[in-house]
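**Q** sequence first, predicted model second:
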Amino acid sequence: MPIPLSNTPRLGLGLAALGRPGYINLGHGEDLDNKTVDAMRAHAWTVLDAAWAAGIRYFDAARSYGRAEKFLGGWLAERRHTATVGSKWGYTYVADWRTDADTHEVKSHDLDTLERQWPETLASLGRRPDLYLIHSATLATGVLEDRRVLARLAELGAVGVRVGLSTSGPGQADTLRRALAVMVDGVNPFSAVQATWNLLEPSAGAALTEAHAAGWTVVVKEAVANGRLTGRAQIPPPLAQICRELNASPDAVALAAALAQPWADVALSGATTVQQLESNLRALRIQADFSALAGLAESPGEYWQTRAGLSWN
């Protein structure tokens, strides 16, 4: 049976910004003084130690997050921690540890990529991930129609790995609903989804409600919109007002709004520094009515076009 997340604190840590020198979070480049592999490993371990001390027990990586899986696997082995780990396949990191690379990751959702990346994940983590997700599945890639890929994922699910998908782009809801309908030998092999949901892009909410009702684990990513809902961006007046009322930072309010969704099991902090993590953790102490922030939502097309324009730094 898949490992449940019911005993996992509801804030997790994603390593997208910790496992490689370049990422699209606003100001990411300014957070890292030394971007050598050894320095970034030490930095990642410092943030992981702080997360563990704060009670975080869910950690998220991917093959395309540079050395995130290796950093996480080495840290878990050294510290002898038992944690819930998610990882993803379908993108290959190709930036060669450069922030100025023309291309940072290449997407491929075919069986060859899955068969190559699964053993790479095992070797890097030193263990099986608890959740194993198709990275940014979309209807356009055809992965949800690929019977060979689905059959292989079903095999992994049969041995105790909770398989699923992460979603991105303006069609998240359509992709998730198609995944909810997938059948392999009369059974849906999927039982987990990691989706972008935030105050600027809440369009997947209804589909995530359906996934939750079906018993799926639901993980929220990009709750602070890659820095757009932090002090590094111009904060919309309604969000600034509630921040003043709660005496809270915008990132904490944004994460608290994600955690307040009844379908959300875990929301990921994407912190690059201990200070950012500590600010994110304040979300766990916020209880509020977030209905006044509904007007912040952008159209999915507008939101994802803006995200696509963010620079790697």
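**A** That came in fine, so what should we check first?
**Q** now the helices for the stretch 51-200 of the chain?
**A** With DSSP state H, counting those that start in this stretch applied, the stretch 51-200 of the chain shows helices at 68-79, 111-125, 147-158, 172-180, listed in chain order.
**Q** now the last one: buried residues?
**A** Spelled out, that is helix 172-180. 172, 173, 175, 176, 177, 178, 179, 180 (16 or more other Cβ atoms under 10 Å). Heads up, the C-betas are built off the backbone N, CA and C, glycines and all.
**Q** need the residues that contact it.
**A** Applying Cβ atoms under 8 Å, 6 or more residues apart in numbering, the contact partners of helix 172-180 are 137-139, 144, 164-165, 167, 169, 188, 190, 193, 195-196, 203-204, 206-208, 210-211, 214, 216, 300.
**Q** related to what we said a few turns ago, which member of the buried residues of helix 172-180 is positioned nearest residue 87?
**A** residue 179 (17.8 Å; Cβ to Cβ).
**Q** so the residue lying closest to residue 286 once chain neighbours are set aside is in which element?
**A** Excluding the flanking residues, the one nearest residue 286 by Cβ to Cβ, 6 or more residues apart in numbering is residue 256, at 3.8 Å. Residue 256 belongs to helix 250-259 when assigned by DSSP states H and E.
**Q** and residue 169, how many neighbours does it have?
**A** If you count neighbours by other Cβ atoms under 10 Å, residue 169 ends up with 19.
**Q** ok, now how distant is it from residue 293?
**A** 23 Å (Cβ to Cβ, to the nearest Å).
**Q** residue 241 now?
**A** 9 Å.
**Q** repeat that for residue 136.
**A** To residue 293, residue 136 is 26 Å away according to Cβ to Cβ.
**Q** with neighbour numbers in mind, choose between these two.
**A** Per other Cβ under 10 Å, whichever of residue 136 and residue 293 has more neighbours is residue 136, with 24 against 21.
**Q** excluding its backbone neighbours, what's nearest that one?
**A** Of all residues beyond its chain neighbours, the one nearest residue 136 is residue 168 (4.2 Å), with distances taken as Cβ to Cβ, 6+ apart.
**Q** again, but for residue 117
**A** residue 89 (4.2 Å).
**Q** and if you look at residue 139?
**A** Of all residues not flanking residue 139 in the chain, residue 175 sits nearest, at 5.6 Å (Cβ to Cβ, 6+ apart).
**Q** also residue 58?
**A** Nearest to residue 58 is residue 12, by Cβ to Cβ, 6+ apart, at 3.4 Å.
**Q** swap in residue 150?
**A** Nearest one to residue 150, counting by Cβ to Cβ, 6+ apart, is residue 184 at 5.1 Å.
**Q** local confidence estimate at that neighbour?
**A** pLDDT, residue 184: 98.
**Q** quick one: low-confidence parts of this protein?
**A** The model of the chain has pLDDT under 70 over residues 1-9.
**Q** ok, which stretches of it are strands?
**A** Here the chain has its strands, by DSSP state E, at 11-14, 58-60, 84-89, 91-93, 105-107, 131-137, 162-167, 190-196, 217-221, 266-269.
**Q** mind listing what the third one pairs with, with the direction of each?
**A** In other words, strand 84-89. Strand 84-89 sits in its sheet next to strand 58-60 (parallel), strand 131-137 (parallel), going by DSSP bridges.
**Q** report the angle between that strand and helix 68-79.
**A** 160 degrees (axes from the mean of the first three to the mean of the last three Cα atoms, to 10 degrees).
**Q** tell me what angle strand 84-89 forms with helix 111-125.
**A** Going by the same axes, to 10 degrees, strand 84-89 makes 150 degrees with helix 111-125.
**Q** flag every buried residue along strand 84-89.
**A** So, applying 16+ other Cβ under 10 Å, buried residues of strand 84-89: 84, 85, 86, 87, 88, 89.
**Q** what's the spacing between it and its chain's center?
**A** 9 Å (Cα atoms, centre = their mean, to the nearest Å).
**Q** what of the fifth one?
**A** Centroid separation between strand 105-107 and its chain, computed with Cα atoms, centre = their mean, is 16 Å.
**Q** just checking, what packs against that strand?
**A** strand 91-93 (3 or more Cβ pairs under 8 Å, 6 or more residues apart in numbering; DSSP states H and E).
**Q** neighbouring strands for the strand it packs on, and are they parallel or not?
**A** Strand 91-93 has the following strand partners under DSSP bridges: strand 105-107 (antiparallel).
**Q** count of residues packed around residue 153?
**A** 26.
**Q** pretty sure it sits against residue 165.
**A** No - if you go by Cβ atoms under 8 Å, residue 153 and residue 165 don't touch, sitting 9.4 Å apart.
**Q** so what sits against both of the two?
**A** 134, 190.
**Q** roughly how far apart are the residue nearest to residue 115 when sequence neighbours are not counted and residue 86?
**A** Leaving aside its sequence neighbours, residue 115 sits nearest to residue 152 (Cβ to Cβ, 6+ apart; 7.3 Å). Look at residue 152 and residue 86: by Cβ to Cβ, they are 18 Å apart.
**Q** great, nothing more from me.
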